[in-house]
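>>> I would like to see how this sequence folds:
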Amino acid sequence: MNKTALITGATSGIGKSTAYLLAKNGYNIIITGRRSDRLEQIQEDILTNFTVECETLCFDVRDNNQVISAIESLTNKNQIIHVLVNNAGLASGLDKLQNGDVDDWNKMIDTNVKGLLYVSRQVIPQMIKQGFGHIVNIGSIAGKEVYTNGNVYCGTKHMVDALNKSMRRELAEHGIKVSAVNPGAVETEFSLVRLHGDSQKAGKVYDGFENLVAEDIADAVFYIVSRPEHVNINDMIIMPKAQPSAGNVIRNKGY
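All right, here's what the predicted structure looks like:
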């Protein structure tokens, strides 16, 4: 029987690439996100190209009522979730703390922290009842270090790091694996969202070096979930060769 993976934030970037790679490797997929048209397009593509099942759930992780309703719809169909990929997350704004936009702060906190909590809160009891499961939290190098103008975003990703460690300790006795992947600079819609749709500024973020791409992180997620049953990858940091640390990128060196 195929395992089933639920992936949040699957309409683009890391979440989308993870959905395709897991489907390619025989996982049934439940993709979630706010953009129903993209979900439907990805679903059609997966069903056409892979011999797996693919279900869509359109909801906003920031809305706990929507999360509860969506996950309950799976429970009502006796849908078993083997893997949860908590991928939904974003950065909004790039200001120093004293100039920060409170709306940006709330958007990051509500998505990166509360969204992860809301989804996990609904899925974990099911995994405990099953006696198995694997949660993969997509963090960031910003959850390991801080950088100028990253303040609140870094804070939210440090919270993800703390939650990942807490889950690992609390769920081990239930036979549930917990892992984190913490990427450096990945070229997705991330910078476009952070810079409020300014494509010119967003493009310059990745100038002069070879950044990571979504497929690199999807590959890491698949590696983690495909380990033998007795193996748990607690934490993984993945950086571009040209980025030795957060906020430090070596540009125009040919790598």
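>>> list the contacts for the residue nearest to residue 238 when sequence neighbours are not counted?
Nearest residue to residue 238, sequence neighbours excluded (C-beta to C-beta, 6 or more residues apart in numbering): residue 183, at 5.0 Å. (C-beta placed from N, C-alpha, C; glycine too.) By C-beta atoms under 8 Å, 6 or more residues apart in numbering, residue 183 lies in contact with 14, 138, 140, 141, 212, 216, 217, 237, 238, 239.
>>> distance of residue 183 from residue 202?
17 Å (C-beta to C-beta, to the nearest Å).
>>> try residue 126
From residue 126 to residue 202 the distance is 38 Å (C-beta to C-beta).
>>> same deal with residue 59?
26 Å.
>>> so which of these two has more stuff around it?
residue 59 (21 against 18; other C-beta atoms under 10 Å).
>>> pretty sure that one contacts residue 71?
No: judged on C-beta atoms under 8 Å, residue 59 makes no contact with residue 71 at a distance of 9.1 Å.
>>> strands along the stretch 51-200 of the chain, start to end?
Using DSSP state E, counting those that start in this stretch, the strands of the stretch 51-200 of the chain run over 54-58, 83-86, 133-138, 176-183.
>>> tell me the angle the third one makes with strand 176-183.
When axes from the mean of the first three to the mean of the last three C-alpha atoms, to 10 degrees is applied, the directions of strand 133-138 and strand 176-183 differ by 20 degrees.
>>> strand 133-138 - contacts with which helices or strands?
strand 83-86, helix 116-130, helix 151-171, strand 176-183, helix 214-225 (3 or more C-beta pairs under 8 Å, 6 or more residues apart in numbering; DSSP states H and E).
>>> ok, residues contacting it?
14, 81-87, 89, 116, 120, 123-124, 126-127, 160, 163-164, 167, 171, 175-181, 183, 217, 221, 224-225.
>>> can we see that at 6 Å?
83-87, 127, 160, 164, 176-181, 221, 224-225 (C-beta atoms under 6 Å, 6 or more residues apart in numbering).
>>> now do the second one
Strand 83-86 has contacts (C-beta under 6 Å, 6+ apart) with 5, 6, 7, 8, 18, 116, 123, 134, 135, 136, 137, 225.
>>> how close does the nearest residue to the third one once chain neighbours are set aside get to residue 179?
Nearest residue to residue 7, sequence neighbours excluded (C-beta to C-beta, 6+ apart): residue 85, at 4.4 Å. Residue 85 sits at a distance of 10 Å from residue 179 (criterion: C-beta to C-beta).
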